[in-house]
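**Student:** sharing a model prediction with you, sequence too.
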Amino acid sequence: MKKQYLLFLFILCGLLAFNNNASAQLDSTTKLCTKHIIPPFVSDGQTYRAMVLSGQNAEFHATFFSGTTYRLAAASGNTDGNLIFSVYSYDPNTGERQLIFTNSQHNNAPYWDFRVNSTVEVVIEASLNPASGKDSGFAVMAIGFKQ
């Protein structure tokens, strides 16, 4: 009985250590991402996060409103350029998507500014940059709008 209790404590401590390490990694990635949302941009108040594996996409949904300039910032890991993101207009009635922007055509820029002339539903796909050599990581995105 005592051995089972010690084994349980050992496993519990390992899980807590893993959770703290993952939380610290997520916090540092979030700071890296949100450093790009600076005046005159104001955060929309949300941080979009997902765990991604190599070859997979995280998907985030947002609405961009007419006449507004947005800044989309993205990060994974501890350096800029580790996350590839693409913005698609999205028709919720048909499910049809049309590519608006991808940072892969701009040296994996960690942020990009958009001005929309009409309100549009968007889907933002994020994936790990294969050149980073990472098999997994957190995809973190932040959206700001110009005041």
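**Tutor:** Done, it's in.
**Student:** I'd guessed Leu83 sits against Asn129; true?
**Tutor:** Yes - between Leu83 and Asn129 there is a contact under CB atoms under 8 Å: 6.5 Å. To be clear about C-beta, it is placed using only N, CA and C from the backbone, and glycine gets the same treatment.
**Student:** common neighbours of these two, please.
**Tutor:** Common contacts of Leu83 and Asn129 (CB atoms under 8 Å, 6 or more residues apart in numbering): Ser76, Asn108.
**Student:** of the two, who's got more company?
**Tutor:** In terms of neighbours (other CB atoms under 10 Å), Leu83 is the more surrounded of Leu83 and Asn129; the figures are 27 against 18.
**Student:** show me the beta-bridge partners of that one.
**Tutor:** Leu128 (DSSP bridges).
**Student:** next, count neighbours for the closest residue to Ser136 other than its chain neighbours.
**Tutor:** Excluding the flanking residues, the one nearest Ser136 by CB to CB, 6 or more residues apart in numbering is Leu53, at 4.9 Å. By other CB under 10 Å, the residues close to Leu53 number 13.
**Student:** again, but for the one 3 residues further on
**Tutor:** Burial of Gln56, expressed as a neighbour count using other CB under 10 Å, amounts to 14.
**Student:** that one: which element?
**Tutor:** Element membership of Gln56, judged by DSSP states H and E, is empty: it is in no helix or strand.
**Student:** that one against Ser127, yeah?
**Tutor:** Yes - with contacts counted by CB under 8 Å, Gln56 reaches Ser127, the gap being 6.7 Å.
**Student:** thinking again about what came up before, any idea how far Ser127 is from the residue nearest to Ser136?
**Tutor:** Remark: distance between Leu53 and Ser127 (CB to CB, to the nearest Å) = 9 Å.
**Student:** just Gly95 next, same as before
**Tutor:** Gly95 is 20 Å from Ser127, where distance means CB to CB.
**Student:** so for those two, which sits in the more crowded spot?
**Tutor:** Each of Gly95 and Ser127 has its neighbours counted (other CB under 10 Å); Ser127 has more, 19 against 8.
**Student:** quick check: that one touching Leu83?
**Tutor:** Yes - using CB under 8 Å, Ser127 is in contact with Leu83, at 7.4 Å.
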